[in-house]
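> Just need the structure, nothing else, for what follows:
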Amino acid sequence: MHAIFLDRDGVINENRADHVAVWGQFRILPGALEALALLSQRGFRIFIVTNQACINRGLVERTTVDAIHLRLAQMAQDHGARIDDIRLCPHRPDEGCSCRKPQPGMLLDLAREHKINFGRTTMIGDALSDIAAGRAVGCQTVLVRSGRGADQCRMLTGGAPQPDYIAADLLAASRWLCDQCETVPTLC
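Below you'll find the predicted structure:
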């Protein structure tokens, strides 16, 4: 079964200039819940992988971020979607951890725990760091133009990690993935 790794901010919810500190600031992007439901209905396993340096910066408690993720999972379920697991990296960029994207630590941990075959996975994100994390483990990658994606597309030159596909948003990416599974079923 195909697994999907999704970045959170800018893909599922609006990307804020600062960070999401409370549920009331968590704004779902248009089409995101529909996309999650479509992927779930088609049998994709959905995993969210998100950098949340606001935790180690002391701006938001880990319990608050975990509560936001529980509400997101419930909202997705209410819309016919299933989120299999959510991983976050609480580290600041200067901490040099192995889990903060572009490092693939969160993807590797999820693969071990959920027996995921990277040859049947797709990483969807709005940043080149998402694409790099997916590429590091051999995932197919999709860059969405929502969130920071439009700006990130302008940086797709030279040594930048190249996505396999660029989509307008999560819903467009999800439809593309479903089409891929119809035309090349061995991918899924």
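
> helices or strands next to the lowest-mean-pLDDT helix or strand in the chain in the packing?
Every helix and strand in the chain was compared by mean pLDDT, DSSP states H and E; the lowest is helix 149-153, with a mean of 84. If you count contacts as 3 or more Cβ pairs under 8 Å, 6 or more residues apart in numbering; DSSP states H and E, helix 149-153 packs onto strand 140-144. (C-beta placed from N, C-alpha, C; glycine too.)

> before we move on, the earlier item: what residues does the least confident helix or strand of the chain touch?
Under the contact criterion Cβ atoms under 8 Å, 6 or more residues apart in numbering, helix 149-153 has outside partners 10, 125, 126, 127, 128, 143, 145, 166.

> Buried ones in that helix, by neighbour count?
For helix 149-153, burial by neighbour count (16 or more other Cβ atoms under 10 Å) applies to 149, 152.

> can you check stretch 66-74 too?
Here stretch 66-74 shows 68, 69, 72, 73 as buried, counting by 16+ other Cβ under 10 Å.

> Show me the longest helix that occurs in this protein.
Determined from DSSP state H, the single longest helix within the chain is helix 62-78.

> who does that helix touch, helix- and strand-wise?
Helix 62-78 packs on helix 32-41, strand 85-89, going by 3+ Cβ pairs under 8 Å, 6+ apart.

> Just put these in TSV and tack on distance to residue 105.
Converted to TSV, the helices and strands packed on helix 62-78 look like this (distance: least, Cβ to Cβ, whole Å):
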stretch	distance to residue 105
helix 32-41	23
strand 85-89	7
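
> Tell me which of those lies nearest to residue 48.
For residue 48, the closest of those is strand 85-89, at 4.3 Å, according to Cβ to Cβ.

> now the angle between helix 62-78 and that closest one, please.
Calculated by axes from the mean of the first three to the mean of the last three Cα atoms, to 10 degrees, strand 85-89 forms an angle of 150 degrees with helix 62-78.

> And strand 85-89, what does it pack against?
strand 45-51, helix 62-78, helix 105-114.

> helix, strand or coil for the closest residue to residue 39 other than its chain neighbours?
Nearest non-adjacent residue to residue 39, counting by Cβ to Cβ, 6 or more residues apart in numbering: residue 174, 5.3 Å away. State at residue 174, reduced to three classes by DSSP: H, G, I helix; E, B strand; the rest coil: helix.

> from memory residue 174 sits against residue 35, does it?
Yes - with contact defined as Cβ atoms under 8 Å, residue 174 reaches residue 35; the gap is 4.0 Å.
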